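Let's see this in three dimensions:
(one chain, ligands or ions: 1)
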Amino acid sequence: MTVFDPTEHPHRRFNPLTQEWVIVSAQRLKRPWLGKVETPARVDLPKHDPKCYLCPGNERSNGTQNPNYEDTYVFKNDFPVLLSGPPAPAEADNDLFVSSGLDGVCRVACFSGRHDLTLAEMDPEGIEKVIDMWIDQINELSQTYKWVQVFENKGAMMGCSNPHPHCQIWGQNNLPTQALREDQSQRAYMEKHGSPLLVDYANKESANGDRTIFENYDWIVVVPYWASWPYELMLLPKRHISHLNEISGAEKKNLATIMSQLLICYDNLFETSFPYSAGFHGMPFSGGNQSHWQLHAHFYPPLLRSATVKKFMVGYEMLGEIQRDLTAEQAADKLRSLPTVHYLQK
Ligand code: ZN
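Numbering: from 1, shown residues only. As a prediction, the model looks like this:
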């Protein structure tokens, strides 16, 4: 009888956070990709762009002038998705046409006054200032909102039109869908096993090493066993921490270092400014026992084979189940083999 080989035999893997299955069919990649790897011509950006609404000193469309900031700068989104205190729809009296009220805030946060930098090109000291800004925002917004989401949408491929390094920070009065799923999954795991799901997971990944890309005293970066996107990553603390505003000074330093390593690795994969959507998930601020929650960050990049070839989540993914062509272990091998110096600094 043939022995199961994850690189030869199609199988499914279970994502314990979302409770969804992923099809892994690595036999489709019988040989390494030998096709042309296209690197788009590098666009040299100015340090300051007079037309950028995020650059220091520039005027935004609502007439506000940005201060002459150097490091980080946070402001309320001029065209927010969430509004503070709008009237709520009437409560549904049926199961088919159900809506709920939505109260929240959307902020934009710049990582640097420099228009031409990305987090990957900033040094760990600069990234530390960004982490400080995230912590301040979480401390403030958690006073009002149950869920605080820090996220970055990077690159035109992800629908981000402005290259100025920035992220968004949203506060919401209820848990969004992903947060609710992760909350339920982590709570159920804690009830069954008596320890947090992602603390157990980080420990097991650290001991195993097959999917580990970077690891230091406080943090670990892995291609999750159940990854959907080809080069999806998860960043996890090794001790139990429920949100970013609980980390120590030493943990912050090590977080900045490992984030820098991770982002350089991403840029080096296809020698391009690597697009992704990424963000931190931490405990909801809705009170009660949240000990099942473990802080973590998800990195979801769309690229598959080169700077221009992306994975499409279409067809069977939309109608059946997500499918990937390389195993999480193969993706980890590839990412681990890359140089640690940013390709633009070679
Ligand atoms: Zn999560």
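
okay, residue 1: pLDDT?
At residue 1, the model reports a pLDDT of 78.

and what of the one 4 residues further on?
Per-residue confidence at residue 5 stands at 93 (pLDDT).

Please confirm that it is located within a strand.
No: secondary structure of residue 5 (DSSP: H, G, I helix; E, B strand; the rest coil): coil, not part of a strand.

Quick check: closest non-adjacent residue to residue 269.
residue 338 (6.2 Å; Cβ to Cβ, 6 or more residues apart in numbering). The C-beta positions use only the backbone N, C-alpha and C, and glycine is treated the same way.

Was I right to think the one you found contacts residue 271?
No: checked against Cβ atoms under 8 Å, the pair residue 338 and residue 271 is beyond contact range at 9.9 Å.

Tell me the residues on this protein that lie near the ion, please.
Applying Cβ under 5 Å from the ion, we find that the chain lies next to the ion at 182, 281.

Would you map the strands across the chain?
Along the chain, the segments classed as strands by DSSP state E run 11-15, 20-24, 73-76, 104-110, 147-154, 166-172, 212-215, 219-222, 233-237, 276-281, 296-300, 322-324.

Of the ones you listed, give the one that comes closest to residue 85.
When the strands of the chain are compared by Cβ to Cβ, strand 104-110 sits nearest residue 85, at 9.6 Å.

Sheet partners, orientation included, of the closest one?
Next to strand 104-110 in the sheet, as set by DSSP bridges, lie strand 73-76 (antiparallel), strand 166-172 (antiparallel).

could you give the angle of that strand to strand 147-154?
For strand 104-110 against strand 147-154, the angle by axes from the mean of the first three to the mean of the last three Cα atoms, to 10 degrees is 40 degrees.

hey, C-alpha coordinates of strand 104-110 in CSV?
Only the C-alpha atoms of strand 104-110 are listed here, as CSV (Å, rounded to 0.1, in the frame of the first residue of the first chain):
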residue,chain,number,x,y,z
GLY,A,104,-17.4,52.8,14.8
VAL,A,105,-14.5,54.8,13.7
CYS,A,106,-11.9,54.6,10.9
ARG,A,107,-8.5,56.1,11.3
VAL,A,108,-5.5,56.3,8.9
ALA,A,109,-2.0,55.9,10.3
CYS,A,110,1.1,56.8,8.4
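
CA atoms only for stretch 8-18 - export them in PDB, please.
Extracted in PDB, the C-alpha atoms of stretch 8-18 (Å, rounded to 0.1, in the frame of the first residue of the first chain):
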ATOM      1  CA  GLU A   8       2.000  13.700  -3.800                       C
ATOM      2  CA  HIS A   9      -1.400  13.000  -2.500                       C
ATOM      3  CA  PRO A  10      -4.300  15.500  -2.400                       C
ATOM      4  CA  HIS A  11      -5.600  16.000   1.000                       C
ATOM      5  CA  ARG A  12      -7.500  18.500   3.100                       C
ATOM      6  CA  ARG A  13      -6.200  20.500   6.100                       C
ATOM      7  CA  PHE A  14      -8.400  22.000   8.800                       C
ATOM      8  CA  ASN A  15      -8.100  25.600   9.900                       C
ATOM      9  CA  PRO A  16      -9.000  25.500  13.600                       C
ATOM     10  CA  LEU A  17      -9.500  29.300  13.800                       C
ATOM     11  CA  THR A  18     -12.000  29.700  11.000                       C
END
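
centre of the chain versus it, how much separation?
20 Å (Cα atoms, centre = their mean, to the nearest Å).

Let me see the mean pLDDT of it.
Mean predicted confidence for stretch 8-18 is 96.

Now do the same for the residue of the stretch 101-250 of the chain found nearest the ion: its pLDDT.
Nearest to the ion, among the residues of the stretch 101-250 of the chain, is residue 182, at 4.7 Å (Cβ to the ion). On the pLDDT scale, residue 182 is placed at 98.

can you check residue 160 too?
85.

just the one 3 residues further on next, same as before
The score at residue 163 is 93. That number is its pLDDT.

Tell me which residues touch the nearest residue to it once chain neighbours are set aside, please.
Among residues not flanking residue 163 along the chain, residue 45 sits closest, at 6.0 Å (Cβ to Cβ, 6+ apart). Neighbour list for residue 45: 115, 116, 163 [criterion: Cβ atoms under 8 Å, 6 or more residues apart in numbering].

who are the neighbours in contact with the closest residue in space to residue 323 that isn't next to it in sequence?
Distances taken as Cβ to Cβ, 6+ apart place residue 23 nearest to residue 323, at 4.1 Å, with adjacent residues excluded. The contact partners of residue 23, by Cβ under 8 Å, 6+ apart, come to 10, 11, 12, 316, 321, 322, 323, 324.

filter the residues you listed to the buried ones?
322, 323, 324 (16 or more other Cβ atoms under 10 Å).

The residue of the chain found nearest the ion: neighbour count?
With Cβ to the ion, the shortest gap between the chain and the ion falls at residue 281, namely 3.5 Å. With neighbours defined by other Cβ atoms under 10 Å, the count for residue 281 comes to 25.
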